[in-house]
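Trainee: Take this sequence and fold it.
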Amino acid sequence: MGRDDDVAAARKLLGGTRLLTLTGVGGVGKTRLSRRVGEVARRAFPDGVWLVELAHVNDPDLVASTVARELGLRDDISAPVTALTEHLAEADLLLILDNCEHVIDACAALADRLIPATTGLRILATSREPLGVPGEQILPVAPLPVPGPEHADLDNPATRLLIDRATAADPNFVRREADPATLVAICRRLDGIPLALELAALRMRMFTPEQVLARLDDAMGCSPPGRAQHPNASRRWPRRFAGATTCVQRTSKGCGSSCRSSRAVSTSSPPKRSVTSAHRRPCSTHSPGWSTSPC
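Mentor: Residues are numbered from 1 along each chain as shown. Alright, predicted model coming up:
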């Protein structure tokens, strides 16, 4: 939601580069954007769109073998980089490397080896910082735009996302008299970060928007003047939400926007060394590999 321009920009950049990195703070939507780009671009890649999730890979030495495994190579490869270069030499595919930041050097080294050794491979990476590989194109992913403090405008990406997710969590939400100014204030408190907005929307099953805003103020230490701040304010919220606005901005190792295991998202067969005679089905967004996580 609200990312059509980013999707179009990413597709255009992929047409002229072998390596595109989506950068931004945690929770800003890099993972979801990469999946959307893979979905709309899949027809351009006869050998499919493949997703490798790296959030769970803590050892940089395991990055190449993780990619090899997700592309269908056997697990007992002693030289995974060599096997990958041979396997992908003539393949025409898009490889999505998700959550590279905590193993960024290994991801950069792998991309630097694979790209010169292949002809049709393109890599779409998500990371909090660029990989630093020659020829890399960078597309910063910004938070969703939010209205100014003087405008109670609900027709903008941040408030639309908040309302959409709140309605999904509680179908009766749209029939309640939600103050537009309160919804806008929630979006502004959370800086338009999609993950934080979705967590806030879930709380609207139990709290009114005004209560959500008040608890956000308490948890963030920005209570309005004249209101005493409860010493245990953050404990009123589940830990995951109370720290959302700080968690999504920190850059500590391993705090990726996704914590799921890596898997391929293409429904096609693994690319062969020669792809001219292979018969493959197109990648489908209804494949179990496509995630619907808020990240």
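Trainee: What distance do you get for I186 to V141?
Mentor: Distance, I186 to V141, using Cβ to Cβ, to the nearest Å: 21 Å. In short, each C-beta sits where N, CA and C put it, glycine included.
Trainee: Looking at the two, which is more packed in?
Mentor: Taking other Cβ atoms under 10 Å, I186 and V141 do not tie; I186 has more neighbours (24 against 20).
Trainee: mind checking pLDDT for that one?
Mentor: Note for I186: predicted pLDDT of 93.
Trainee: same for the helix or strand containing it, what does it pack against?
Mentor: Per DSSP states H and E: I186 is located in helix 180-189. Contacts defined by 3 or more Cβ pairs under 8 Å, 6 or more residues apart in numbering; DSSP states H and E place helix 180-189 against helix 157-169, helix 194-203, helix 209-219.
Trainee: Which residues does that helix contact?
Mentor: Outside helix 180-189, the residues that touch it by Cβ atoms under 8 Å, 6 or more residues apart in numbering are 144, 146-147, 149, 151-154, 158-159, 162-163, 197, 200, 209-210, 212-213, 216-217, 220, 222, 245.
Trainee: related to what we said a few turns ago, just the helices and strands packed on helix 180-189: most buried one?
Mentor: helix 194-203 (a mean of 24; mean count of other Cβ atoms under 10 Å).
Trainee: Check the offset of that one from the chain's centre.
Mentor: Centre-to-centre, helix 194-203 and its host chain are 15 Å apart (Cα atoms, centre = their mean, to the nearest Å).
Trainee: about what we covered before: list the buried ones in the helix holding I186?
Mentor: Within helix 180-189, the residues that count as buried by 16 or more other Cβ atoms under 10 Å are 182-189.
Trainee: wait, which of the residues you listed is closest to V49?
Mentor: Closest approach to V49 among these (Cβ to Cβ): C187, at 31.8 Å.
Trainee: Tell me where the protein has strands.
Mentor: For the chain, the strands defined by DSSP state E cover 19-23, 49-53, 92-98, 120-127, 137-140.
Trainee: who wins for proximity to D4 among those strands?
Mentor: Nearest to D4, of the strands of the chain and by Cβ to Cβ, is strand 137-140 at 13.9 Å.
Trainee: Show me what the closest one is packed against.
Mentor: Using 3+ Cβ pairs under 8 Å, 6+ apart, the elements in contact with strand 137-140 are helix 4-14, strand 19-23.
Trainee: Report the angle between the shortest one and strand 120-127.
Mentor: Using axes from the mean of the first three to the mean of the last three Cα atoms, to 10 degrees, the interaxial angle of strand 19-23 with respect to strand 120-127 works out to 20 degrees.
Trainee: how much space between the residue most central in space within the chain and D155?
Mentor: Nearest residue to the geometric centre of the chain (Cα atoms, centre = their mean): T31, 1.6 Å. Distance, T31 to D155, by Cβ to Cβ: 26 Å.
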